[in-house]
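Q: can't give you the sequence, but here's the structure:
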């Protein structure tokens, strides 16, 4: 949805000097472009109603009556999502695949006579529907008696090797939860995070690893779907670890303006109050209005949105959730399907700090979308968007500020009061080196809900 204008493409393709600072890897760049993925919390908790299982649940508790991973993938694809990440192993230790390192898996259950493998079915469905496949594997294990000993770290490494060994195809994201509670013996584990990360990257070198401190992407610091208005994709990680040793919440939310590592934010939130499906929450699925606000405050604030859509006890995405996802897709298509900046003439000052846009005629809009070329790093620290209004007596040639902000990053969407204008300009008032804006778009939410 970038500004469709030959002038802009030529101007923004001009040589932009490099500056000292981190830039995304090829995998991180492709990850950011995904924008919107599905989280799938599924396991024994789906059947017990718990959010955190105790690890003592019988394996037979896991018994989906009509598991259909193709339905999950078809729903995600139709909703406009680009990938699916599943809780292959949550804190209760139950594994949705026959993990040889555990006796608490689908292989010990009566589901499909112990021959089932959710990861195999979902990874196959993702390939069929052109989606990327990712896994959540919690290092906390409330079932394994080795938890709390050095032996457990070795077992967990072998668990990672089993999943990333190739039988499930390419894995685009490894999700690490930093939770570290007591195991069945009452002990806590000292996680070997460097070894865990090295294991994943040795087998899945293009995987983006999520945790409080990356190294691929970081937690936004809340589970409400809200990214911070100031959101740097840079972070200082020296001396920090996932979980209890993570950076302060405000740092996770804002990043570090001069951070040494490129670790962009991922915003996770559930479409329901809880992470696992409960029938009692069917009336509480988020509305389109709520999801629209989440989109503007996550994707619209330089973050990737990971929306949890938990399957029910059948092993299917519930009809209420699926319908809401389609309604939300329709809202996005209606709002963002027409770029009101299309056909504009653009003039850019030589220092790159002012971009003037002249539309073919007066147009009304209430969303302004800005983008930086993050392959060159993240540079803009403050900006203003102005319109030219000759009907009022204003200084500075009639330029009137209608929006301002701090960071831009991959994508920044600024909601404003409805405005009608023909001439606009983006003024970068603060940046680390020369700005590298890559897109300006205008949209309208009128009659979209």
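A: Right, received. Where do you want to start? Worth saying up front: this structure is predicted, and the values here are computed from it rather than measured. Numbers count the residues shown, from 1 in each chain.

Q: count of neighbours near the nearest residue to residue 99 once chain neighbours are set aside?
A: Spatial nearest neighbour of residue 99, chain neighbours left out: residue 105 (5.1 Å); criterion: C-beta to C-beta, 6 or more residues apart in numbering. C-beta here means a position set from N, CA and C on the backbone, and glycine is covered the same way. When neighbours are counted by other C-beta atoms under 10 Å, residue 105 registers 23.

Q: what's across from residue 105 in the sheet?
A: residue 95 (DSSP bridges).

Q: ok, residues contacting the longest helix belonging to the chain?
A: Of all the segments assigned as helix in the chain under DSSP state H, the longest by residue count is helix 319-336. The contact list for helix 319-336 (C-beta atoms under 8 Å, 6 or more residues apart in numbering) reads 1, 75, 78-80, 271-272, 282, 285-288, 291-292, 295, 309, 367, 443-445, 448-449.

Q: distance check, residue 208 against residue 192.
A: Distance of residue 208 to residue 192, computed by C-beta to C-beta, to the nearest Å: 20 Å.

Q: and residue 373, by the same measure?
A: For residue 373, the distance to residue 192 - C-beta to C-beta - is 37 Å.

Q: thinking again about what came up before, and the next helix or strand past the longest helix of the chain?
A: strand 345-348 (DSSP states H and E).

Q: tell me the strands beside the following helix or strand past that next one, with direction?
A: Following strand 345-348 in sequence order, the next helix or strand is strand 354-372 (DSSP H and E). Here strand 354-372 is paired, per DSSP bridges, with strand 345-348 (antiparallel), strand 412-431 (antiparallel), strand 437-443 (antiparallel).

Q: looking at those, which is buried most?
A: Among those, ranked by average contacts under mean count of other C-beta atoms under 10 Å, first place goes to strand 437-443 (a mean of 23).

Q: outside of that strand itself, list whatever touches it.
A: So strand 437-443 is in contact with 1-3, 8, 12, 335-336, 338-341, 346, 352, 355, 357, 363, 365-373, 380, 408, 424, 426, 428, going by C-beta under 8 Å, 6+ apart.

Q: picking up where we left off before, so between residue 208 and residue 192, which is more surrounded?
A: residue 208 (28 against 17).

Q: spatially nearest residue to the spatially most central residue of the chain, not counting backbone neighbours?
A: The centre of the chain sits closest to residue 304, judged by C-alpha atoms, centre = their mean, with a distance of 2.9 Å. In space, residue 304 comes closest to residue 266 once its chain neighbours are excluded; the distance is 4.9 Å by C-beta to C-beta, 6+ apart.

Q: okay, now the sheet partners of the helix or strand hosting the one you found, with direction.
A: In this assignment (DSSP H and E), residue 266 forms part of strand 265-270. According to DSSP bridges, strand 265-270 forms sheet pairs with strand 217-219 (parallel), strand 303-308 (parallel).

Q: for residue 245, see how far away the nearest residue to residue 177 once chain neighbours are set aside is.
A: Spatial nearest neighbour of residue 177, chain neighbours left out: residue 138 (4.9 Å); criterion: C-beta to C-beta, 6+ apart. To residue 245, residue 138 is 17 Å away according to C-beta to C-beta.
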